[in-house]
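1. structure for the following, please:
(one chain, ligands or ions: 1)
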Amino acid sequence: MLQLDQVSLNYGSFRALDRVRLSVDPGELVVLLGANGAGKSSIFLTCSGIHKLSSGSVRLNGQDVTGAAPAALVTRGLVHCPEGRKLFPMMSVRQNLLLGAYLYRGDKAGTQRSLDEVLAMFPILQQKQHDPAGSLSGGQQQMVAIGRALMGRPKVLLLDEPSLGLAPLVVKQMFDVIKQVNQSGVTVVLAEQNAYQALSIAHRGYVIERGRIVLEGSRDELLGNAEVRRAYIGG
Ligand code: ATP
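-> Numbering: from 1, shown residues only. Okay, here's the model as predicted:
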């Protein structure tokens with residue numbers, strides 16, 4: 001469904017990604033693990049066409065989409081939910097959600113269907129749909145960010161650090177939400193520092209260090225790997 005082959009990315013003279021190879025199958029939930037600055041966001045920004053890769057290729061649904069523009073990638077089913085939520089705090093929850101369907105603005109019925117589905121998935125957003133997004137709690141704002149991404153009709157959803165800054169109980173709810181999104185048929189690639197919880201809901205994962213994939217494996221392989229436990233889980 002999504003394949004990166006030998007993808008490298010430079011920021012000026014700094015090589016942020018070095019020959020990254022990764023592959024995600026339809027229906028999978030795949031985790032990218034790595035410390036701050038390892039390159040997780042850079043992988044997403046490259047996949048979604050925001051940063052132009054220096055070399056290598058990206059394939060989506062079997063088609064070469066290397067260098068495609070972000071909007072073209074969204075209409076092909078690749079939607080990126082960025083780190084830090086990036087909501088419009090003064091706009092209502094509903095308006096923020098509708099922005100996610102901007103590319104489908106000619107399809108009012110389809111957009112309404114997506115909105116109904118998102119509000120059904122997140123009942124709290126149904127209740128708060130007319131409130132300014134900035135007035136919601138951190139966890140609720142993250143739900144708005146995920147909901148807005150779902151309004152873009154993803155086949156593959158790139159989720160960048162959705163649990164960042166959330167209280168432990170809310171983190172658990174967030175992972176339940178992500179599992180639910182995946183079970184609804186959306187392929188999910190999840191960048192996380194909460195390694196244990198992320199792996200617990202994932203099928204497979206990759207470990208990234210200094211822009212390189214250093215390890216890949218199934219959930220159980222990674223959870224059982226002594227090095228992964230030491231570096232990312234503790235104990
Ligand atoms: P975090 O969890 O902190 O976002 P990350 O794994 O997502 O970490 P990236 O944000 O992809 O890491 O950053 C990878 C490396 O590239 C880091 O060393 C970072 O400082 C650097 N970097 C990221 N964006 C830029 C940029 N626009 N210009 C220059 N260097 C950058």
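2. for the biggest helix by length in the chain, the averaged confidence score.
-> Longest helix of the chain, by residue count under DSSP state H: helix 168-183. Taken as a whole, helix 168-183 has a mean pLDDT of 89.
3. and the residue nearest to L2 when sequence neighbours are not counted, how far is that from M90?
-> In space, and not counting its chain neighbours, L2 is closest to V24: 4.4 Å by CB to CB, 6 or more residues apart in numbering. (Glycine included, C-beta is placed from N, CA and C.) Using CB to CB, to the nearest Å, V24 is found at 36 Å from M90.
4. who has more neighbours, the two?
-> Comparing V24 with M90 by other CB atoms under 10 Å, the one with more neighbours is V24, at 22 against 10.
5. and the more buried one, how far from N182?
-> 11 Å.
6. what's the answer for G67, then?
-> In terms of CB to CB, G67 sits 28 Å off from N182.
7. the two: who's more crowded?
-> N182 (21 against 11).
8. so the more buried one sits against P26, correct?
-> No - between N182 and P26 there is no contact under CB atoms under 8 Å: 11.2 Å.
9. okay, the residue nearest to L2: pLDDT?
-> The per-residue pLDDT reported for V24 equals 97.
10. now do the contacts for it.
-> Residues in contact with V24 (CB atoms under 8 Å, 6 or more residues apart in numbering) are 1-3, 30, 156, 187, 189.
11. got a markdown table for those residues, with neighbour count too?
-> Supplementary listing: these in a markdown table, determined by neighbours: other CB atoms under 10 Å:
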| residue | neighbour count |
| --- | --- |
| M1 | 19 |
| L2 | 23 |
| Q3 | 17 |
| V30 | 24 |
| V156 | 24 |
| T187 | 22 |
| V189 | 26 |
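12. ok but T46 is inside a helix, no?
-> Yes - counting by DSSP: H, G, I helix; E, B strand; the rest coil, T46 is located in a helix.
13. quick one: average pLDDT of stretch 43-55?
-> Stretch 43-55 comes out at a mean pLDDT of 93.
14. can you list the buried residues in that stretch?
-> Residues of stretch 43-55 classed as buried: 43-49, 51, 53 (neighbour count, 16 or more other CB atoms under 10 Å).
15. what's the closest of the residues you listed to I233?
-> I43 (21.1 Å; CB to CB).
16. tell me which element E216 is part of?
-> Per DSSP states H and E: E216 is located in strand 212-218.
17. with the ligand in mind, check whether that strand reaches it.
-> No - on the criterion CB under 6 Å from any ligand atom, strand 212-218 is out of touch with the ligand, staying 11.3 Å away.
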